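Visitor: Just to be clear, the model below is a prediction. Sequence and coordinates:
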Amino acid sequence: MFLKLISFHHVYHDVRGLVRRVIKAKRDKQEIKPNVNEGTIFGINKAVYDKAITYPRCLSSNQFLVFICSPTCSYQLEYPRLPKRRWGKALGYLFEHLISLFIMAYTFTQHVVPKCSESLIHFEQRNYWMIFASIVALATPCTYIWLAIFYWLFHTWTNMCAELTRFADRRFYADWWNAGNLAEYWRKWNYPIHNWLARHCYYPLVRRGLSSEMARLITFLVSAILHEYLIVGIFRRVNFYAFAAMAVNIPLIQL
């Protein structure tokens, strides 16, 4: 919700800037027409431009509510929409959603919790070898839980919401498992957040004159801060673990 509110405000900030540019162009008697090759006006798609210049009529509570319910963090004046809701597909995604939740709950209660309970004695005795062995034993069930969480959130939940809102842009993730480097992985595994960071952090910094490398660095630091904020909200403690886990990726991505 925090990211959606920022995106909604930022887009309409840009819309107001566009309207001022149009008013100035008309006052200066400049001809405003679409680019012959790209079909854009001021670098903006013509369909989006036609809606943007109707501001403030294009700003409505209905637009806001649809955006809040849509499986995206980045607001647009126009989204690709399906002609109708496909209830069969929505029910199929709901079934997969519930199955994913069951897999997560079963793996956690039957494999992770018992192993953690057995490991408590090793922490009390400071038996570091057995602590390490317990962590290794938890690696496989935790990996399955992580994959189930990914499928539950980025496939079943997002596609179910997309069916209910007739949201046609289904690019929620790409083949991150085939990523050739860390930078490609971070781009592919979470498109909603990646697109938000690109639209509302990276490109605004570039437009203000920062180099691509510096803008990328600041964008990744923003991502690290947001990850730490989530952990603080869950555990009610500031320990910078999530921030550090993200920040150590920066030198690798810069390479």
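Guide: That came in fine, so what should we check first? Numbering: from 1, shown residues only.
Visitor: what comes into contact with the helix or strand that contains Leu164?
Guide: Under the criterion DSSP states H and E, the helix or strand holding Leu164 is helix 158-165. Residues lying outside helix 158-165 but in contact with it, judged by Cβ atoms under 8 Å, 6 or more residues apart in numbering, are 66, 69-71, 82, 85-87, 89-90, 93-94, 97, 167-170, 172, 192. C-beta: built from backbone N, CA, C; applies to glycine.
Visitor: which of the residues you listed are buried?
Guide: Members of the contacts of helix 158-165 that pass the buried threshold by neighbour count (16 or more other Cβ atoms under 10 Å) are listed as 70-71, 90, 93, 97, 167, 172, 192.
Visitor: just how off-centre is the helix holding Leu164 within its chain?
Guide: Distance of helix 158-165 from its chain centroid, counting by Cα atoms, centre = their mean, to the nearest Å, is 16 Å.
Visitor: could you point out which element follows that helix?
Guide: The element immediately downstream of helix 158-165 (helix or strand, assigned by DSSP H and E) is helix 182-188.
Visitor: okay, now Lys33: neighbour count?
Guide: 8 (other Cβ atoms under 10 Å).
Visitor: give me phi/psi at it?
Guide: As for Lys33, its main-chain torsions (degrees, to the nearest 10) stand at phi -150, psi 160.
Visitor: For the nearest residue to it once chain neighbours are set aside, list the residues it contacts.
Guide: For Lys33, ignoring the flanking residues on the chain, the nearest one in space by Cβ to Cβ, 6 or more residues apart in numbering is Ile41 at 7.2 Å. Residues in contact with Ile41 (Cβ under 8 Å, 6+ apart) are 32-35, 49.
Visitor: For those, give me JSON lines that also has pLDDT and secondary structure.
Guide: Putting the contacts of Ile41 into JSON lines (pLDDT from 0 to 100; DSSP: H, G, I helix; E, B strand; the rest coil) gives the following:
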{"residue": "Ile32", "pLDDT": "79", "secondary structure": "coil"}
{"residue": "Lys33", "pLDDT": "78", "secondary structure": "coil"}
{"residue": "Pro34", "pLDDT": "76", "secondary structure": "coil"}
{"residue": "Asn35", "pLDDT": "74", "secondary structure": "coil"}
{"residue": "Tyr49", "pLDDT": "86", "secondary structure": "helix"}
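Visitor: Tell me the most packed of those, by neighbour count.
Guide: Among the contacts of Ile41, the one with the most neighbours (other Cβ under 10 Å) is Tyr49, at 18 neighbours.
Visitor: Contacts only, for that one.
Guide: Residues in contact with Tyr49 (Cβ under 8 Å, 6+ apart) are 18, 40-42.
Visitor: mind running it again at 7 Å?
Guide: Shown here is Tyr49, whose contacts under the criterion Cβ atoms under 7 Å, 6 or more residues apart in numbering are Ile41.
Visitor: ok, it to Pro204 distance?
Guide: Distance from Tyr49 to Pro204, counting by Cβ to Cβ, to the nearest Å: 20 Å.
Visitor: same question, Ile193
Guide: Ile193 is 16 Å from Pro204, by Cβ to Cβ.
Visitor: Equivalent analysis for Cys69, please.
Guide: When distance is defined by Cβ to Cβ, Cys69 is 26 Å away from Pro204.
Visitor: Kindly report the same for Cys58.
Guide: When Cβ to Cβ is applied, the distance between Cys58 and Pro204 equals 21 Å.
Visitor: what's the farthest-apart pair in the buried ones among the contacts of helix 158-165?
Guide: Using Cβ to Cβ, the pair of those lying farthest apart is Ala90 and Pro192, separated by 19.2 Å.
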